[in-house]
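Asks: please work out how this folds:
(one chain, ligands or ions: 1)
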Amino acid sequence: MLLPELRQIVCDLHAELPKNNLVAWTSGNVSARDPESGLVVIKPSGIVFEDLRPENMVVVNVDGEIVESDYKASSDTASHCYIYRHMPEVNGIVHTHSRYATAFATLAKEIPCVTTAMADEFGGPIPCGGFALIGGEEIGQVVVDTIKDHRSPSCLLQSHGVFATGPSAAKAVKAAVMTEDNAAIVWTSMQLGTPLKISEADIDKLYDRYQNVYGQ
Ligand SMILES: [Zn+2]
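Replies: Numbers count the residues shown, from 1 in each chain. Just a heads-up that it's a prediction; the model follows:
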C-alpha cells in the first residue's frame, strides 16, 4: 500500500471535522500532498466519517488520476489537485460546509478582520470567492484566484462553503477550525451592532508577532 503514514494522518484528520462540528453526514474532505512523490491522499466519495480507514483513502496523482484505490475519489478531487498544481507551498487542503462560515458565503460576504485572533491567524479578512459548480476544477480556480491576493490561508466560496489550505494537512485543518470559530464570533457580534474595525497597521503588527514570535 502506498503512503501508509500519510493515509493514517489524513484518516485521523478527517475525525477532527465532525469533532469540531465542521461537517454533517458525509460532507467535507481533507487531502494531503506527499512532498516527495507529489502524490495526493484524499477522502473516498460518500463514505461516512466513522467508516473511514487508512486503507480506504484514495491516492491520486496531481492531475487527479487514481494511482491506488478500491473507491471513487471525493467529488472535489479535481479542485484539490488544481490548487496543489498552482500553489507549490500548499501540502494540505480541507473543504467544509461549516455553519457560520457558510452563512457568510450565502451572502458572498467576506469575514471581516475584527478580532486580534483573526489578525494573528489570518492577517486580514477571510475573503469570499465567486460561485462555481461542483465536480470539475472550477472550484479550485476560484480558491486560487481568491486567496492569492490575501494572507488568509482559507477562503469562502459563494453559496457553498469553506476551503482551507496549509503547508501540511494538520495546518489546513487548524485553518478550517479557526475560520469557523471566527465566523461564529463575527456573526454573534453582528447581532449586537457593527463590529469595530482594527486598523491595517495594527493588523500588520499582530500578524507579524504571531507568525514570527509567538509559540516555542
Ligand atoms: Zn462542498
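Asks: if I look at the most centrally placed residue in the chain, how far off is Asp204?
Replies: Against the mean C-alpha coordinate of the chain, by CA atoms, centre = their mean, the closest residue is Ala164 at 1.8 Å. Distance, Ala164 to Asp204, by CB to CB, to the nearest Å: 22 Å. No exception for glycine: its C-beta is placed from N, CA and C like everyone else's.
Asks: and if you look at Ala73?
Replies: Relative to Asp204, and taking CB to CB, Ala73 is found at 40 Å.
Asks: now swap in His95 and tell me
Replies: 29 Å.
Asks: who has more neighbours, these two?
Replies: His95 (28 against 14; other CB atoms under 10 Å).
Asks: strands of the chain, start to end?
Replies: Ranges of strands in the chain, per DSSP state E, are 29-33, 40-42, 58-60, 66-68, 92-96, 128-129, 154-157, 161-166.
Asks: ok and the last one relative to strand 29-33, angle-wise?
Replies: This points to strand 161-166. 30 degrees (axes from the mean of the first three to the mean of the last three CA atoms, to 10 degrees).
Asks: and strand 161-166, what does it pack against?
Replies: helix 77-86, strand 92-96, helix 99-106, helix 138-147, strand 154-157, helix 169-192 (3 or more CB pairs under 8 Å, 6 or more residues apart in numbering; DSSP states H and E).
Asks: who does it pair up with?
Replies: Partners of strand 161-166 in the sheet, by DSSP bridges, are strand 92-96 (antiparallel), strand 154-157 (antiparallel).
Asks: off-centre distance for that strand?
Replies: 2 Å (CA atoms, centre = their mean, to the nearest Å).
Asks: the fourth one too?
Replies: In this view, strand 66-68 has its centroid 23 Å away from the chain centroid, taken as CA atoms, centre = their mean.
Asks: and that strand, which residues are buried?
Replies: By neighbour count on 16 or more other CB atoms under 10 Å, the buried set for strand 66-68 is empty.
Asks: quick one: list the elements packing against that strand.
Replies: Using 3+ CB pairs under 8 Å, 6+ apart, strand 66-68 sits against strand 58-60.
Asks: give me the distance from the strand it packs on to the chain's centre.
Replies: 18 Å.
Asks: then stretch 68-76?
Replies: With CA atoms, centre = their mean, you get 19 Å for stretch 68-76.
Asks: so what touches it?
Replies: Outside stretch 68-76, the residues that touch it by CB atoms under 8 Å, 6 or more residues apart in numbering are 1-2, 29, 31, 42-47, 56-60, 64, 66, 80, 95, 134-135, 139.
Asks: ok, of those residues, which come out buried?
Replies: Buried, going by 16+ other CB under 10 Å: 29, 31, 42-44, 47, 57-60, 64, 80, 95, 139, out of the contacts of stretch 68-76.
Asks: Serialize those to a markdown table and add fields for pLDDT.
Replies: Output for the buried ones among the contacts of stretch 68-76, formatted as a markdown table (pLDDT from 0 to 100):
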| residue | pLDDT |
| --- | --- |
| Asn29 | 96 |
| Ser31 | 98 |
| Ile42 | 98 |
| Lys43 | 97 |
| Pro44 | 96 |
| Ile47 | 92 |
| Met57 | 97 |
| Val58 | 98 |
| Val59 | 98 |
| Val60 | 98 |
| Gly64 | 96 |
| His80 | 98 |
| His95 | 98 |
| Ile139 | 98 |
